[in-house]
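[1] make a model of this:
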Amino acid sequence: MKRFVLLFLSLAAPAVHAHDVRQLGAHVHGQATVDLAVDQGNLELALQAPGIGILDFERPPANATEQAALDAALATLKRGDWLTLPTAAQCTPLKRDARAEGFAAAAPATAATPAKHTHAGFNAELRYQCANPAALRVLVLALPKAFPNLQEVIVNSATAAGQGRTVLNAENLRVVLAP
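    Predicted coordinates for the structure are as follows:
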């Protein structure tokens, strides 16, 4: 099962595991994806979201206010407080990481290298060790509440009991995992 989960995460969210900064590919504004896996007491979540879904812009910050908004968004994603786990699962965080890509100032356009439209976005990775993983039946992902520009969050899940897909919005923040 562990190999399956690793394969699932690596195929479903390759940008989350990349360590180099790159331009994000095409994405749907207002829509994020979370790949979630539970295996042998480990819970892993990998988030990909377009910049415009988290912030009101998808370019380098134009001023101190926009830079502060970018910093605050990264801090929120890293804290992971947009995720609520059942207390009975007894989960301990092992990793909380978030990155913003495509928000750095680009080199000026020249005749040889014309300006290109870039897609900026966010990646976050959360990992927990859960003493009672059987209690991980319902998780709450409050991303649409934390970031109102996200109208839809698609959650792809993989557990020992099977795979699932849940679409979240501001009115529905619950992910029910396969029993």
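[2] list the buried residues of stretch 93-104.
    Applying a neighbour-count criterion of 16 or more other Cβ atoms under 10 Å, one finds R96, A98, R99, A100, E101, G102, F103 buried in stretch 93-104. Using the backbone N, CA and C atoms, a C-beta is placed for each residue, glycine as well.
[3] no wait, stretch 64-74
    Under the neighbour-count criterion of 16+ other Cβ under 10 Å, stretch 64-74 has E66, A69, L70, A73, L74 buried.
[4] longest helix of this structure?
    Taking residue count as the measure and DSSP state H as the definition, the longest helix of the chain comes out as helix 64-79.
[5] what sits opposite E152 in the beta ladder?
    In this entry, E152 is beta-bridged to Q31, by DSSP bridges.
[6] enumerate every residue touching the residue nearest to the spatial centre of the chain.
    The residue lying closest to the centre of the chain (Cα atoms, centre = their mean) is L47, at 1.5 Å. If a contact means Cβ atoms under 8 Å, 6 or more residues apart in numbering, then L47 has V16, A32, T33, V34, L77, F122, N123, A124, E125, L126, L143 as its contacts.
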